[in-house]
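Asks: Structure of the sequence below:
(one chain, ligands or ions: 1)
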Amino acid sequence: MEKFVIEGGMPLKGEIKVSGSKNATLPILAATLLTDGVCEIRNVPKLRDTMTMCKLLRTLGKTVEIAGNKVTISGSANTHVADYKLVSTMRGSFCVLGPLLAKLGKANVSMPGGCVIGVRPIDLHLKGILALGAKADFEGGNVIASAPKLKGSQMYLGGTFGSSVLATANVMSAACLALGETIIECAACEPEIEDLGIFLNSMGAKIQGHGTPRVVIHGVKKLNGTSYKMSSDRIEAGTFLLMAAAAKSDILVKEANYDHLWALNDKLTSIGVDVKKDGHDIRVRCKKTLKPANIVTHPHPGFPTDLQAQYMALMAITPGVSIITDRVFPDRFMHIAELNRMGAQIRRDSGSAIVEGVKHLYGAPVMASDLRASAALVIAGLVAKGKTEIYRIYHLDRGYETLDQKLIQIGAKVFREKE
Ligand code: EPZ
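Replies: Residues are numbered from 1 along each chain as shown. Sure, this is the predicted structure:
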């Protein structure tokens, strides 16, 4: 296994480029199961998770050619059984359920286990496919779904925590080949769902309202191959904005879509960070002491849960007290213990994290846990006094493409070493 060794306190300056969106790429790769045509997808981030999805598509019978950040997928799925070993390594691969069911009339996909950010239920996924007329059983930890022909219907896909991104993706994809009209109420509005809708329509689907709470899909007989360019990763972009604020630096975040990050940009502006749209990029400048501010995460367009840990790292060194609450994954606080090892003053109190900003963090050996908690530790390591070693950085490699190389280009001292 590998670790990052970071010498903290280096001034950061210059340009950092955002890769294609991981969380848009996964459901879009899965959606290629809906056609036997050739799908050419560009600006695909080369990450553990996207490569795992490519492997999964190959086990399902698709031909997958990878050339740099371009993936070309062709051929027909010849089995409806998704490989347990691959699905169990990445919860996101559950989004092959809808496409397999729609294309082959059946699907056998292992249930996503829990993970460090909390329980990952699938009740909304099942509610959606049952509403389309499928049958679903459980056997040996797998969901076994079948439907000779899916039929469109109107359904409500909101759960205890609001809308579900991948449940919306599964149902929206499956409904493309269903008979008649499907209406999804309380659909996820994340930009990744908007991306998926644009991709499916480029294959010949008839979808309206993707990216809004009400999505209408008119089923078609067949979908065709297409050529598509992934949009940039808003969570990676937001991570870089928070990193620039913590390091009091002046950074141009290239290929960052300002309109995907209003909740973060509004919060950063309110605490004293200068964040400005600059064409297709975002310029972030932060030279002064910031003010603390509370956040509560919500489904899009609320503050993203995937930026909560990174925001906590910024608040850890901002004088004053801030309260951080995650309404999407209420227990997504694995990063607190590791940040406290670096001198942060953070405690849990009735479901929230109370952060008392300190003057400095201090380098220490810390353990990466989930993808975004690991990003928070990188931010902390960049601003801490001394050396930080972050172990198990395979968590980071799941969602950040060549992060060490990108950080070195703006002046950071980051070394990838064998543990
Ligand atoms: C997607 O996961 C993202 N993953 C997550 O990003 C992200 O944190 C999450 O959306 C929320 O934005 C991918 O897109 C691959 P949800 P997803 O279903 O779709 C509850 C990262 O770091 N829920 O929107 O699995 C669930 O427990 C990852 O890149 C149900 O109750 O998340 C949670 O509380 C981590 N029933 C809330 O909904 C269900 O059937 C939102 O989860 C499904 C979900």
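Asks: For the protein, which segments are assigned as helices?
Replies: Here the chain has its helices, by DSSP state H, at 22-31, 48-59, 84-87, 97-104, 123-131, 165-175, 191-202, 234-246, 262-270, 308-316, 335-341, 371-383, 394-397, 403-408.
Asks: quick one: the fifth one near the ligand?
Replies: Yes. For a cut-off given as Cβ under 6 Å from any ligand atom, helix 123-131 has contacts with the ligand, namely 123-125. The way it works is simple: take the backbone N, C-alpha and C, and place the C-beta from them, glycine included.
Asks: mind saving the C-alpha coords of that helix as PDB?
Replies: C-alpha atoms of helix 123-131 as PDB (Å, rounded to 0.1, in the frame of the first residue of the first chain):
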ATOM      1  CA  ASP A 123     -35.100   0.800  -0.500                       C
ATOM      2  CA  LEU A 124     -35.600   3.700  -2.900                       C
ATOM      3  CA  HIS A 125     -33.800   1.800  -5.800                       C
ATOM      4  CA  LEU A 126     -36.200  -1.100  -5.200                       C
ATOM      5  CA  LYS A 127     -39.200   1.100  -4.800                       C
ATOM      6  CA  GLY A 128     -38.400   2.600  -8.200                       C
ATOM      7  CA  ILE A 129     -38.000  -0.600 -10.200                       C
ATOM      8  CA  LEU A 130     -41.000  -2.200  -8.500                       C
ATOM      9  CA  ALA A 131     -43.000   0.800  -9.600                       C
END
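Asks: quick one, that helix and helix 97-104 angle?
Replies: Here helix 123-131 runs at an angle of 20 degrees relative to helix 97-104 (axes from the mean of the first three to the mean of the last three Cα atoms, to 10 degrees).
Asks: Can you list the buried residues in helix 123-131?
Replies: Residues 124-129, 131 are the ones in helix 123-131 that count as buried (16 or more other Cβ atoms under 10 Å).
Asks: Pull the residues that contact it.
Replies: With Cβ atoms under 8 Å, 6 or more residues apart in numbering as the test, helix 123-131 has contacts from 94, 97-98, 101, 136, 143, 145, 147, 150, 153, 155, 157-159, 164, 166-167, 170-171, 174, 184.
Asks: Repeat that for the fourth one.
Replies: Here helix 97-104 makes contact (Cβ under 8 Å, 6+ apart) with 30-35, 60, 77, 80, 82, 106-107, 109, 125, 128-129, 134, 143, 145-147, 150, 169-178.
Asks: Tell me, please, the helix or strand in this structure that averages the lowest pLDDT.
Replies: Ranking every helix and strand in the chain by mean pLDDT, DSSP states H and E puts helix 84-87 at the bottom, with a mean of 89.
Asks: Tell me who's in contact with the spatially most distant residue from the centre of the chain.
Replies: Residue distances from the centre of the chain (Cα atoms, centre = their mean) peak at residue 148, which lies 32.5 Å from the mean C-alpha position. Counting by Cβ under 8 Å, 6+ apart, residue 148 makes contact with residue 105.
Asks: I'd like the numbering to begin with 31 instead of 1 from here.
Replies: From this message on, residue numbering opens at 31, which makes the last subject residue 178.
Asks: unless I'm mixing things up, residue 232 is touching residue 253, no?
Replies: No. Assessed by Cβ atoms under 8 Å, residue 232 is found out of contact with residue 253, at 9.6 Å.
Asks: neighbour-wise, which of these two wins?
Replies: Under the neighbour definition other Cβ atoms under 10 Å, residue 232 and residue 253 were set side by side, and residue 253 has more, 26 against 15.
Asks: now the residue nearest the centre of the chain, nearest residue through space, not along the chain?
Replies: In the chain, the residue lying closest to the centroid (Cα atoms, centre = their mean) is residue 53, at 4.1 Å. Leaving aside its chain neighbours, residue 53 sits nearest to residue 222 (4.6 Å; criterion: Cβ to Cβ, 6 or more residues apart in numbering).
Asks: Can you get me a residue count around that neighbour?
Replies: Residue 222: 28 neighbours (other Cβ under 10 Å).
Asks: mind listing what residue 375 touches?
Replies: Residue 375 neighbours (Cβ under 8 Å, 6+ apart): 346, 385-388.
Asks: Would you mind measuring from residue 245 to residue 380?
Replies: Residue 245 is 36 Å from residue 380, where distance means Cβ to Cβ, to the nearest Å.
Asks: Between these two, which is the more surrounded one?
Replies: The neighbour comparison of residue 245 against residue 380 (other Cβ under 10 Å) goes to residue 245, with 26 against 6.
Asks: where does the stretch 281-430 of the chain come near the ligand, residue by residue?
Replies: 335-336, 358-359, 401-402, 429.
Asks: As CSV, those residues with neighbour count and pLDDT would be great.
Replies: CSV is the format used below for those (neighbours: other Cβ atoms under 10 Å; pLDDT from 0 to 100):
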residue, neighbour count, pLDDT
335, 21, 98
336, 26, 98
358, 22, 96
359, 20, 95
401, 24, 93
402, 26, 96
429, 25, 93
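Asks: mind checking how far the nearest residue to residue 139 once chain neighbours are set aside is from the ligand?
Replies: Spatial nearest neighbour of residue 139, chain neighbours left out: residue 112 (4.4 Å); criterion: Cβ to Cβ, 6+ apart. Per Cβ to the nearest ligand atom, to the nearest Å, residue 112 is found 15 Å from the ligand.
Asks: Could you verify my assumption that residue 112 touches residue 136?
Replies: No. Look at residue 112 against residue 136 with Cβ under 8 Å: they stay out of range, at 11.5 Å.
Asks: re the thing from before, OK, contacts around the residue nearest to the centre of the chain?
Replies: 122, 195, 220, 222, 263, 265, 336.
Asks: And these, which is the shakiest by pLDDT?
Replies: Among these, residue 122 carries the lowest pLDDT, at 90.
Asks: so that residue makes contact with residue 56?
Replies: Yes. With contact defined as Cβ under 8 Å, residue 122 reaches residue 56; the gap is 4.3 Å.
Asks: so where is the chain shaky, pLDDT-wise?
Replies: 143-145 (pLDDT under 70).
Asks: And for residue 70, the neighbour number?
Replies: Neighbours of residue 70 (other Cβ under 10 Å): 16.
Asks: same question but for residue 211, I mixed them up
Replies: 15.
Asks: With the ligand as the reference, measure out to the nearest residue to it once chain neighbours are set aside.
Replies: Using Cβ to Cβ, 6+ apart and skipping the chain neighbours, the partner closest in space to residue 211 is residue 182 (4.7 Å). The spacing between residue 182 and the ligand, counted by Cβ to the nearest ligand atom, is 20 Å.
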